[in-house]
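Novice: Below is the structure, and that's it, no one-letter string:
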């Protein structure tokens, strides 16, 4: 294809991704610039159609980082409307439940002083704060490729081309993406960012860290009957319907306006290729302790997103020439707290402070090592250190993991003199189909439980139809030859949006199958990129503005 | 006070279907006079007079009304408006072109696409492409509205109303008709066809989509497709019916080899009669189909086509 | 020639409208809002006319909440020259009716004296399909609805209209009010630097009082509900039975 002439724009700092870490970084940079009366240019690009469109989280917000970033957040109207008022942790069996007395809960799992929020709405608000401070915020623009200088350092990113047709040719509305250059580029794509994946490899950022492990979180938003609503109530469960060798559990948060956020997280190191995180979630809602909340209720939204579970021992090197990683791009989630917003925000703020210091010294640094220093002297580091052994202990199963967590978190308060290792990368853990047992999931009832497509419908996901498929395969023959033959096509089950389907191959009337990729359904959760046993699927950005349009998620 | 129904008469030809449906709605509001304005519209006026429920046909036979240009039509209707409390149009492109103009000239709001009449001043209409249904009451003395024809049955024949010739109202219009363009395709347009045959991925190939086309041709129907069929390359993009494709509401929608994902249903659920042919008896399409046939489409579709010979 | 393009801020077309449980309307808070797609086509058409040398200036106007500024900025980023916001609503739930909108636009038209007004054929929220027709009536300008092709020839427009029977060609004298249909054009993607430039383009902020127009509604919305779910019908055993039912029971086949 012919070389495309691309326009170039220059900034001091470019931020890729409008989530909590990217927006906090942008806000902190501008605050420092304003305090010091220094002109700086900060640009933030976001692939969603607006800030918040692709944001999905539980979410409980611990306001530590927010108090530091915007102390007067209350006056500024931050959407923190529901303080946590009571909480329960339950171990579920198929019909029963066992409530953990709160006294036995590790301190990290207490939620006094925290808020139940919609992270999407919180980000919308952060986006407004950033714009008011003078950040150039551009939703609807993807960062498609990383650009490098001749010396190998990161120069910036190229935004995605618009109006490319399915076959790769330029349609009549073709608009070439442009080059955004910056002295420092902050990668804040969230968990498993597709540029982050490239950067980790190129700069060997994970040389000294353990293999990252992930989970998939699937969430629904419901409007429940007022009599079933208890604002501020937080319920977490472990156990049923997952088997004890699969890590995962549920969350159920009562927000304002009779809304209840309910979700399910499954560790992506699960072994059975027949497991479907989506179906586990649907089944979980039918538990006698859970289903009553949804009696006569209406489901109003749906979505899914992968999350990092690895912890501090999996954190990559945070900096490289010309750029840094912040938030879930790096993997700052605190797993025992089941929270990552405050740590993500703080990491962005620390990077911003380091970058501003460098700007003041005229940016004679190519690599922002000061960010790493600040990170390791911050409360994020202390907190993640204390959390580090919880998730890996669950490789021994639910009961030993829980027992270990009790010892590690209550007895040692996270200061045990050892660090547990994660066993394998998530794509390596699947058993082959002949080693595994099929799971017979119940059919959806259309009232409490649903199928994937009617769920995706509620995510308001949209992709311009005539564009190249953004779920790319390194080798087209691998899905049938390996994924289907060996694992019975697990992508059809781990994808929560019905993107992957094995269907009869029309061209061979012999009953053989082919992989159909329904790219339009993709909710950008990145699970396929993580869990594909052959690592043949490479998630890349579709056209800017495409993907889910989550309200209140 | 009574009702003035504006019949759709273009080039002297009555669009009986849409007018007779709007009449069914109009008679719920009072005595109905029907305006028949076009050129050479005597036959149309007679047809209207024979519809049950028509009190009187007002026939304005004048060249300026031949193509229902909005300016002269609105001038004529406004001149008649004194005597009527309700002015009703079928919600066709012609009706929707003229009605708001009449409303503005009378300084009242228009109420578009009325699907149910709850009272003299209370109406039900779809908003957000049919994803929500709104009930409104109006404070305007005169009510100008268009009637969503899919929501009402045809008024029956058997009336014998008087026909009164009325004079044209002078109107110097800056708009002139030039020509009608015949559709290039032999098949009707998807969004305006009264019958649609749609194929899904179950059809299996672009080659086998000819089965769908053959049935459509026998029915004089438009051809539609599900997104899965379009994605698989069986049918062109502009045939796609659904959330991201076209929204259709024909009299008869035949879904062949379509599973019936909600995204597809969003585009066709307002069809009057839905037929589903699918070999999977659990396919969600059967939950919305008036008539479901669990069968192999490769047997059933040719059989239907043959039965229409 | 100056062109006036009215644009409306509506729920994004890809977002599923959700009816509020109190039946007061559709949930519009924290929902992605965009320029009405038909208005976007109108903006595009005006820009193409400017690029072709037919138009000299494009003024976009929006009537609604403060945040309609975003919609106007989108139009400015596409290539419109300046904008007017008429702040007529305090909350997104207040929808200004087409009659009031047309009256305000008539005043703006008198003030701006464009040669042409192009707007979308309908807004995808209230689906009224009325503003263009009403504005044409109030101004006494040529009424040209559902345009799928427009050429300007001196003071005459040659327009192809989308009608039920297919396409209709008409001529219309300028000045005219034109409503854009889906196939008129395919709007361009906005370039990032143009979004930046759009922030600096002029925007006047007005109120209905500035124009002496009463925007109080004529219609009262008494309820907004979800459409009734379609019930499953019957299963037939054979093609013969199906054909019989379609002919004799449903009456949709003759």
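Specialist: Sure thing, it's come through. Every value quoted in this text rests on a predicted model; they were computed, and no experiment measured them. Residues are numbered from 1 along each chain as shown, chains lettered A, B, ... in the order given.

Novice: Domains in chain A, by residue range?
Specialist: For chain A, automatic domain parsing gives the domain ranges A:8-72+A:120-209+A:316-387, A:390-420, A:450-539.

Novice: Single out the most deeply packed of those.
Specialist: The highest mean neighbour count among the domains of chain A, using mean count of other Cβ atoms under 10 Å in any protein chain shown, belongs to domain A:8-72+A:120-209+A:316-387: a mean of 22. (Glycine included, C-beta is placed from N, CA and C.)

Novice: Of the domains of chain A, which is nearest chain B?
Specialist: With Cβ to the nearest Cβ, the closest approach to chain B among those belongs to domain A:450-539: 4.4 Å.

Novice: mind listing what residue 171 touches?
Specialist: Went with chain A since none was named. Neighbouring residues of residue A:171 by Cβ atoms under 8 Å, 6 or more residues apart in numbering or on different chains: A:163, A:164, A:165, A:466.

Novice: switch to chain C, that's the one I care about
Specialist: B:175, B:176, B:178, C:156, C:157, C:158, C:159.

Novice: Quickly list what it is bridged to.
Specialist: Per DSSP bridges, the residues bridged to residue C:171 are residue B:176, residue C:158.

Novice: Residue B:196 too?
Specialist: Under the criterion DSSP bridges, residue B:196 forms beta bridges with residue B:222, residue B:253.

Novice: That one: how many residues sit nearby?
Specialist: 27 (other Cβ atoms under 10 Å in any protein chain shown).

Novice: was I right about it contacting residue B:250?
Specialist: Yes. Using Cβ atoms under 8 Å, residue B:196 is in contact with residue B:250, at 4.8 Å.

Novice: joint contacts of these two?
Specialist: Common neighbours of residue B:196 and residue B:250 (Cβ under 8 Å, 6+ apart) are B:222, B:271.

Novice: Roughly how far does residue B:171 sit from chain C?
Specialist: Here residue B:171 is placed at a distance of 11 Å from chain C (Cβ to the nearest Cβ, to the nearest Å).

Novice: Also residue A:201?
Specialist: 28 Å.

Novice: What of residue B:222?
Specialist: Distance, residue B:222 to chain C, using Cβ to the nearest Cβ: 13 Å.

Novice: Next up, the contacts around that residue.
Specialist: Shown in contact with residue B:222 (Cβ under 8 Å, 6+ apart): B:187, B:188, B:189, B:190, B:193, B:195, B:196, B:197, B:216, B:250.

Novice: List the contacts of the last one.
Specialist: Residue B:250 makes contact with B:193, B:194, B:195, B:196, B:222, B:271, B:272 under the criterion Cβ under 8 Å, 6+ apart.

Novice: again with the first one
Specialist: For residue B:187, the set of contacting residues under the criterion of Cβ under 8 Å, 6+ apart consists of B:193, B:216, B:217, B:221, B:222, B:223.

Novice: separation between the first one and residue C:166?
Specialist: Here the distance between residue B:193 and residue C:166 works out to 12 Å (Cβ to Cβ, to the nearest Å).

Novice: Could you do the second one as well?
Specialist: Shown here: residue B:216 relative to residue C:166, a distance of 18 Å by Cβ to Cβ.

Novice: what's the answer for the last one, then?
Specialist: Using Cβ to Cβ, one obtains 17 Å as the distance from residue B:223 to residue C:166.

Novice: likewise the third one?
Specialist: To residue C:166, residue B:217 is 18 Å away according to Cβ to Cβ.

Novice: Look at whatever residue of the stretch 151-254 of chain C ends up closest to chain A and give its secondary structure.
Specialist: Residue nearest to chain A within the stretch 151-254 of chain C (Cβ to the nearest Cβ): residue C:189, separated by 3.9 Å. Put simply, residue C:189 is coil when judged by DSSP: H, G, I helix; E, B strand; the rest coil.

Novice: give me phi/psi at the closest residue in space to residue B:154 that isn't next to it in sequence?
Specialist: Spatial nearest neighbour of residue B:154, chain neighbours left out: residue B:20 (4.3 Å); criterion: Cβ to Cβ, 6 or more residues apart in numbering or on different chains. Backbone torsions for residue B:20, taken as degrees, to the nearest 10, come to phi -70, psi -30.
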